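Engineer: this one's structure only:
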DNA sequence: GCGAAAATGGACCCGCAAGTCCAAAAGGGG
DNA sequence: CCCCTTTTGGACTTGCGGGTCCATTTTCGC
């Protein structure tokens, strides 16, 4: 893997990343060995090191990037279209659904707890994910302010941060206990808080 | 370790747990080996297995219990006394402070992501911690309802769940990015939401 | 103080999983 | 069709870390 990459090579590389991601989702990073990945993807040890010369860490980082992209992709298009209360509600349902389906894993959480500490690269991936996520929520809030549905005095970034924190915490609780109610409660509370601020400021019936 | 445990033995056992906890807080579970613990606590391999015959997992579980207790202990007495808005504020500060100090680790988070999946015991520890935590918050909310500071119609458990999720998420973000603003924002938003509900329902000046 | 039980030291074993190596098999441009 | 590059297979090495064992010392009830 010195610059050039055959069509076949690129496919293999991608297969490795996706296979590794799946394996990790099922069994956790800790329990996932290169041999597991090798077995699942039908590749050989040399291929793993051919495409990821720096070893496991590099592979995990690639997986992390892939999963981080996925997290946001799974919220589209709703996340990019928070322009009415029904739209917010649709996004809320989308998020809940996404995590309800794959309750066991959170690609990002292990990322933080295992790679994050050691690898600066992993840190960066997570920071970027959270930054983007929060920014998109903030855009939505600002839009609601512009149409008079949210208190214009509200600190947009801080509100977005609180909502994002609620989501993250909801996911953590989901992973810990298997219960999705915290995620739902956090999302509902966050959104309701936005609506309430709007009603307080300029009571326009928005339902 | 067959039932009896000398005074000295008990001390050693405790030293091992605390040393292991510290080691894990500094370097993460993944990077902590029995030899690290042995070195740090000035013990020998045989002692580790003497006190934790089932091996590393048993030791980690003991550490988990210890850390879980610590989490709640660090919030006392404020957590048990959420009886006025200043008290809520004091608790909020206490939580923020606690996590500001040890930003790197969250004993519970690794617990979830690494032990949780494999060990049913670890799962139980976390569930219990979250349950207790939420219950105490709920008691605080109910008290505020009883003195007319929070909307009596509010679903107490759900509100407590949302607040708890915000905290957890704030901690996760802190660990990922090193920024504590999310934790602060989540706490502030959650508490403010409670206060707002009270003002809406029965506007008694509570500042 | 004496003997049993507990506590300790540390050498040793063993398996697993990351990483290395080389040689063989596509693949693909000219 | 030829040669060079990429891709692949899989055996092998190596180190690390969990776990075992036994001999020795300390503790403690009587």
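Structural biologist: Yep, that arrived. Computed from a prediction, not measured in an experiment: that's the story for all the values here.
Engineer: so which residue is dead centre in chain A?
Structural biologist: Against the mean C-alpha coordinate of chain A, by C-alpha atoms, centre = their mean, the closest residue is residue A:71 at 3.3 Å.
Engineer: contacts for stretch A:161-172, please.
Structural biologist: Stretch A:161-172 is contacted from outside by A:95, A:99, A:106, A:109, A:130, A:133-134, A:137, A:180, A:182-187, A:189-191, B:109, B:112, B:162, B:164-173, B:181-183, B:185-186, B:188-190, using C-beta atoms under 8 Å, 6 or more residues apart in numbering or on different chains. C-betas here are computed from N, CA, C, even on glycine.
Engineer: what do you get if the cut-off is 6 Å, keeping everything else the same?
Structural biologist: Taking contacts as C-beta atoms under 6 Å, 6 or more residues apart in numbering or on different chains, the residues outside stretch A:161-172 that touch it are A:99, A:106, A:134, A:137, A:182-183, A:186, A:190, B:165-166, B:168-170, B:172-173, B:182, B:185-186, B:189.
Engineer: now, those that are in helices?
Structural biologist: A:99, A:134, A:137, A:182-183, A:186, A:190, B:165-166, B:168-170, B:172-173, B:182, B:185-186, B:189 (DSSP state H).
Engineer: pLDDT averaged over the helix or strand that contains residue A:176 - what is it?
Structural biologist: Here residue A:176 is covered by helix A:156-177, with elements defined by DSSP states H and E. If you average the pLDDT over helix A:156-177, you get 95.
Engineer: one more: stretch A:67-85?
Structural biologist: Stretch A:67-85 comes out with an average pLDDT of 96.
Engineer: ok, that stretch near chain B or not?
Structural biologist: No: Stretch A:67-85 does not reach chain B (C-beta under 6 Å from any C-beta of the partner chain); its nearest approach is 11.4 Å.
Engineer: intersect the contacts of stretch A:161-172 with the contacts of DNA strand C.
Structural biologist: Subset of the contacts of stretch A:161-172 in contact with DNA strand C: empty, counting by C-beta under 7 Å from any atom of the strand.
Engineer: quick one on the thing from earlier: and the angle for the helix holding residue A:176 with helix B:156-177?
Structural biologist: Orientation of helix A:156-177 against helix B:156-177 (axes from the mean of the first three to the mean of the last three C-alpha atoms, to 10 degrees) gives an angle of 100 degrees.
Engineer: mind checking how far helix A:156-177 is from the chain centre?
Structural biologist: Helix A:156-177 sits 11 Å away from the centroid of its parent chain (C-alpha atoms, centre = their mean, to the nearest Å).
Engineer: one more: stretch A:60-76?
Structural biologist: For stretch A:60-76 - counting by C-alpha atoms, centre = their mean - the centre lies 7 Å from the chain centre.
Engineer: pull out the buried positions in that stretch.
Structural biologist: Using 16 or more other C-beta atoms under 10 Å in any protein chain shown as the test for burial, stretch A:60-76 gives A:60-68, A:71, A:74-75.
Engineer: for chain A, what spans make up the helices?
Structural biologist: Using DSSP H, helices in chain A cover A:7-31, A:34-41, A:45-51, A:56-73, A:85-101, A:107-110, A:117-118, A:120-146, A:156-177, A:181-201.
Engineer: identify, out of those helices, the most deeply packed stretch.
Structural biologist: helix A:156-177 (a mean of 25; mean count of other C-beta atoms under 10 Å in any protein chain shown).
Engineer: compute the inter-axis angle for that helix and helix A:56-73.
Structural biologist: 110 degrees.
Engineer: between helix A:181-201 and helix A:156-177, find me the angle.
Structural biologist: Using the same axes, to 10 degrees, helix A:156-177 lies at 160 degrees relative to helix A:181-201.
Engineer: now helix A:156-177 and helix A:85-101, what's the angle there?
Structural biologist: 30 degrees.
Engineer: how near is the residue in chain A that DNA strand D sits nearest to to residue A:181?
Structural biologist: Closest residue of chain A to DNA strand D, C-beta to the nearest atom of the strand: residue A:9 (1.7 Å). Counting by C-beta to C-beta, to the nearest Å, the separation of residue A:9 from residue A:181 is 46 Å.
Engineer: tell me the residues of chain A that contact DNA strand D?
Structural biologist: So far as C-beta under 7 Å from any atom of the strand goes, chain A lies against DNA strand D at A:1-6, A:8-10, A:12, A:42-47, A:50.
Engineer: and with 6 Å instead?
Structural biologist: Counting by C-beta under 6 Å from any atom of the strand, chain A comes close to DNA strand D at A:1-6, A:8-9, A:12, A:43-47, A:50.
Engineer: what about residue A:71, distance to residue B:152?
Structural biologist: 38 Å.
Engineer: wait, residue A:177 touches residue B:127, no?
Structural biologist: Yes: using C-beta atoms under 6 Å, residue A:177 is in contact with residue B:127, at 5.1 Å.
Engineer: which pLDDT value goes with residue A:204?
Structural biologist: Looking at residue A:204, the pLDDT reads 50.
Engineer: from residue A:87, how far off is residue A:140?
Structural biologist: Distance of residue A:140 to residue A:87, given as C-beta to C-beta: 8 Å.
Engineer: and if you look at residue A:196?
Structural biologist: Applying C-beta to C-beta, the value for residue A:196 to residue A:87 is 18 Å.
Engineer: look up how far residue A:122 lies from the closest residue to residue A:126 other than its chain neighbours.
Structural biologist: Take residue A:126 and drop its neighbours on the chain: the residue closest to it by C-beta to C-beta, 6 or more residues apart in numbering or on different chains is residue B:176, 4.6 Å away. Between residue B:176 and residue A:122 the computed distance is 9 Å (C-beta to C-beta).
Engineer: next: residue A:184.
Structural biologist: When residue A:184 is compared with residue A:122 (using C-beta to C-beta), they lie 29 Å apart.
Engineer: likewise residue A:20?
Structural biologist: Residue A:20 is 14 Å from residue A:122, by C-beta to C-beta.
Engineer: cool, residue A:29 as well?
Structural biologist: Relative to residue A:122, and taking C-beta to C-beta, residue A:29 is found at 11 Å.
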